[in-house]
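Q: Provide a 3D model corresponding to the input given below.
(one chain, ligands or ions: 1)
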Amino acid sequence: MRQKILRKLVQNQNNFISGSQLAESLGISRVAVWKHIEALKEEGYDITGVSGRGYQIKDSGIIIPDEIRASLPQQLIGSQIYYYPRLDSTNEALKRSIKDHLPEGTVYVAGKQEEGKGRRGRKWESPPGGLWFSFLLRPTLPLPQTALLSLVFAVSLVKSLDVFLGSLCQIKWPNDIYCQGKKIAGILLEMSGEIDNTDNLIVGIGINVNVRTNDLPAFIGANSTSMLEICGREIAADKVLITVLKDLDSYYHEFLKNGFTDIRLEFKSRCLHLGKAIETTRGQDIIRGINTDIDEMGNLMLQYQDTLIRISTGDVKVLN
Ligand code: BT5
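A: Purely as a prediction, here's the structure:
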C-alpha cells in the first residue's frame, strides 16, 4: 500500500494531493492514509502535509521497486529491489542484512547516502539526484576470477551509459568511469568469505545521474561530471537503473559462461589510458611508464624503463 501511495505522490510531484483523494483512489480510510504517510516520513521521505490542501512529496528521482521489477526480465540481479530515501551506505546496509539470508541478486537503492564509500577507505559523495545502489552476488569462483568482476562490471556500465550519452564514456583501470575527462561513476566490490570460495560479494555502484557537480566539495566537483551536465537535461533515474541492471545481469552471465576473453577486448577498447603514459604505485614506490596492455587476469601492464611490470591493484593517473 505504501508503494501505491508513493506512486500517487510522485505522479503529482509538484502539486498537493488531498488525503480524501488518496483514500478514495486506493480504497482505504483517511486515517489509514495518514498512518502510511507518517510511516513514509519516518523512513526518510520528504513529504509535506498542509491542512486543507493535502500532501506533497519533495524528493526527486524516487525509485519505485515494483515498477523496476516489472520492467526487468526474469533475472538474477534485481530479483529483489529495495529503495531507501536515505542510508549510510548501500554496501553497508546490504552487509548488515546478509545475516537475514538475503537472496542472491538483491538490490538496495538509496536516494542519498550519508557515508557513501569509495575504495581504500575513500569517501563517495552521494547527494540526492544520483543513483546509488548495491547488489549481492554469491559467485562460486576462485578469488582471482571474482576480482575480475570489477572490470566486467565497468564494461557493463559504460555500455549502459552509451544508451543515454552516446559512446562518450571510458574506463580508468580498474573500474572508474570517466566522461569527457571527468569521473561520472564508480564501482566498489567488497568480498567476504574463504580464500578460495567467496561467500558474499557486494557490488556497489554510484552514478552521477542528476547530480550538480557544483554542489559537491570543490576539489571533487572540479573533477566530476554527471549525466545531467553531459546531456543538459534531467535523465530519469528509473530508466537508467533498468538499463544498468539488465546489462549487469547479462555481462555477469556472459562472464560465468565464457570467461573474460571477449570482455577483456571490450575493456581495452574503452580504456582511457591504453598506450598512454601513466603514473601508478607499486608498494610505496610511484612509478611512471606506458600502459601497454590489460592482461587476461585484469592486470595492468606497464612498460617501465626496460621492464614490463604487472600491476594488480592500485590507482592510475593519466599523464599528459
Ligand atoms: C569509487 O571509489 O569510485 C567507488 C564508488 C562506489 C560508490 C557506490 S555508491 C553505492 C555503493 N555504496 C557505497 O557506499 N559505495 C558504493 P574510488 O575509486 O576510491 O573513488 C573515490 C574518489 O572519487 C574520491 O576520493 C573522490 O575523489 C571521488 N569522488 C567522490 N564522490 C564522487 C562523485 N559523486 N562523483 C565523482 N567523483 C567522486
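Q: and stretch 144-163, is it in reach of the ligand?
A: No: using CB under 6 Å from any ligand atom, stretch 144-163 stays clear of the ligand, with a minimum separation of 9.8 Å. Bear in mind the C-beta positions are built from the backbone N, C-alpha and C, glycine included.
Q: Going by contacts, tell me the helices and strands next to the helix or strand where residue 134 lies.
A: Using DSSP states H and E, the secondary-structure element containing residue 134 is strand 131-137. Under the contact definition 3 or more CB pairs under 8 Å, 6 or more residues apart in numbering; DSSP states H and E, strand 131-137 sits against helix 90-97, strand 106-110, strand 197-207, helix 237-258.
Q: any chance of these in TSV, plus distance to the ligand?
A: Conversion of the helices and strands packed on strand 131-137 to TSV gives the following (distance: least, CB to the nearest ligand atom, whole Å):
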stretch	distance to the ligand
helix 90-97	4
strand 106-110	7
strand 197-207	3
helix 237-258	12
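Q: Point out the most buried one among those.
A: With neighbours defined by mean count of other CB atoms under 10 Å, none of the helices and strands packed on strand 131-137 is more surrounded on average than strand 106-110, at a mean of 25.
Q: so who does the residue nearest the centre of the chain touch?
A: In the chain, the residue lying closest to the centroid (CA atoms, centre = their mean) is residue 205, at 2.3 Å. Counting by CB atoms under 8 Å, 6 or more residues apart in numbering, residue 205 touches 131-134, 153, 157, 185-188, 244.
Q: What of residue 29?
A: By CB under 8 Å, 6+ apart, the contact list for residue 29 reads residue 23.
Q: Recalculate using a threshold of 10 Å.
A: For residue 29, the contacting residues are 19-20, 23, 35, by CB atoms under 10 Å, 6 or more residues apart in numbering.
Q: for those residues, which one is nearest the ligand?
A: Each of the contacts of residue 29 was checked against the ligand using CB to the nearest ligand atom; the closest is residue 35, at 31.2 Å.
Q: so what are the domain limits for this protein?
A: Here the domain parsing of the chain from automatic domain parsing is 2-57, 65-270, 277-318.
Q: so for the first one, what's the average pLDDT?
A: In this model, domain 2-57 carries a mean pLDDT of 89.
Q: repeat for the longest one
A: Averaging pLDDT along domain 65-270 gives 94.
Q: Which positions in the protein make contact with the ligand?
A: 89-91, 113, 116-120, 122, 124-126, 132-134, 176, 183, 186-188, 204-206, 208, 220, 224.
Q: if we go to 5 Å?
A: When proximity is defined by CB under 5 Å from any ligand atom, the chain lies next to the ligand at 89-91, 116-119, 122, 124-125, 132, 134, 183, 186, 188, 204, 206, 220, 224.
Q: What is the burial count for the residue of the stretch 51-200 of the chain found nearest the ligand?
A: When distances are taken as CB to the nearest ligand atom, the stretch 51-200 of the chain reaches nearest to the ligand at residue 186, 2.1 Å away. Around residue 186 sit 23 other residues, with neighbours defined as other CB atoms under 10 Å.
Q: In three-state terms, label it for me.
A: When the structure is split into helix, strand and coil by DSSP: H, G, I helix; E, B strand; the rest coil, residue 186 lands in strand.
Q: next one: residue 49
A: In three-state terms, and counting by three-state DSSP, residue 49 is strand.
Q: And it, how close does it get to the ligand?
A: The span separating residue 49 from the ligand equals 31 Å under the rule CB to the nearest ligand atom, to the nearest Å.
Q: before we move on, back to that, any chance of a ChimeraX selection covering the buried ones in the contacts of residue 29?
A: In ChimeraX, this line selects whichever of those come out buried by 16 or more other CB atoms under 10 Å:
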select :19,23
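Q: Select, from the contacts of residue 29, the two members most distant in space.
A: For those, with distances taken as CB to CB, the pair at the greatest spread is 20 and 35 (15.0 Å).
Q: just the buried members of the residues of the chain next to the ligand?
A: Buried members of the residues of the chain next to the ligand, scored by 16+ other CB under 10 Å, are 89-91, 116-117, 119, 124-125, 132, 134, 183, 186, 188, 204, 206, 224.
Q: now the strands for the chain?
A: Under the criterion DSSP state E, strands of the chain are mapped to 47-50, 54-57, 80-84, 106-110, 131-137, 169-172, 176-179, 182-194, 197-207, 277-282, 285-294, 300-304, 307-311, 317-318.
Q: Columns distance to residue 233 on top of the ones you listed, output as a markdown table?
A: Listed next are those as a markdown table, based on distance: least, CB to CB, whole Å:
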| stretch | distance to residue 233 |
| --- | --- |
| strand 47-50 | 26 |
| strand 54-57 | 21 |
| strand 80-84 | 23 |
| strand 106-110 | 22 |
| strand 131-137 | 16 |
| strand 169-172 | 18 |
| strand 176-179 | 15 |
| strand 182-194 | 16 |
| strand 197-207 | 16 |
| strand 277-282 | 34 |
| strand 285-294 | 34 |
| strand 300-304 | 36 |
| strand 307-311 | 39 |
| strand 317-318 | 29 |
